[in-house]
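Engineer: Quick one, structure for this:
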Amino acid sequence: MMSRFLFKSIDTFRLETIGLVVATGVRAGAVSLSAGEPIELRRPDGSRLTTEVAAIPMLCPYDPDRPFDFSLPRGVGKGDVPVGTEVCSPR
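Structural biologist: Prediction:
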């Protein structure tokens, strides 16, 4: 099955409370992903990792123009998501 490209990672950082956060630089209002949704990470070296969105930090009030960030499950490390990794949806 072919997956659909969503965006590329522009940075990652670890927060002790939620794990590895992926920054995308894409407007939050332009993204339709939910916690628990499966994703495929296509790394610049051609390797792939199938995982899921662990959490999506929400700011209150919601601002659709802020950059979209999301976290990955524990066990996924910074080295697993180098800058430029393509995030794809298998749906």
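
Engineer: So which residues of the chain form strands?
Structural biologist: Listed in chain order, the strands of the chain (DSSP state E) span 4-8, 11-15, 19-27, 38-42, 48-52, 67-71, 86-89.

Engineer: quick one: V83 from K8, how far?
Structural biologist: Computed with Cβ to Cβ, to the nearest Å, the distance linking V83 and K8 is 8 Å. No exception for glycine: its C-beta is placed from N, CA and C like everyone else's.

Engineer: Those two: which has the busier surroundings?
Structural biologist: K8 (16 against 11; other Cβ atoms under 10 Å).

Engineer: one step back: let me know which of the strands of the chain is tucked in deepest.
Structural biologist: strand 67-71 (a mean of 20; mean count of other Cβ atoms under 10 Å).

Engineer: So which elements touch it?
Structural biologist: Packed against strand 67-71 by the contact rule (3 or more Cβ pairs under 8 Å, 6 or more residues apart in numbering; DSSP states H and E) you find strand 19-27.

Engineer: and the strand it packs on, how far from the chain's centre?
Structural biologist: 6 Å (Cα atoms, centre = their mean, to the nearest Å).

Engineer: Can you name the residues that contact T51?
Structural biologist: By Cβ atoms under 8 Å, 6 or more residues apart in numbering, the contact set of T51 is 38-41, 72-73, 76.

Engineer: any idea of the pLDDT on it?
Structural biologist: On the pLDDT scale, T51 is placed at 97.

Engineer: Name the nearest of the contacts of T51 relative to V53.
Structural biologist: When these are ranked by distance to V53 (Cβ to Cβ), I39 comes first, at 6.1 Å.

Engineer: Report the contact partners of the closest one.
Structural biologist: 6, 33, 50-53, 87-90.

Engineer: Tell me the one of these nearest V22?
Structural biologist: V87 (7.2 Å).

Engineer: That closest one pairs with what?
Structural biologist: F7, L41 (DSSP bridges).

Engineer: quick one, what contacts it?
Structural biologist: 5-9, 22, 24, 39-41.

Engineer: How much space separates it from L6?
Structural biologist: Counting by Cβ to Cβ - V87 and L6 are separated by 5 Å.
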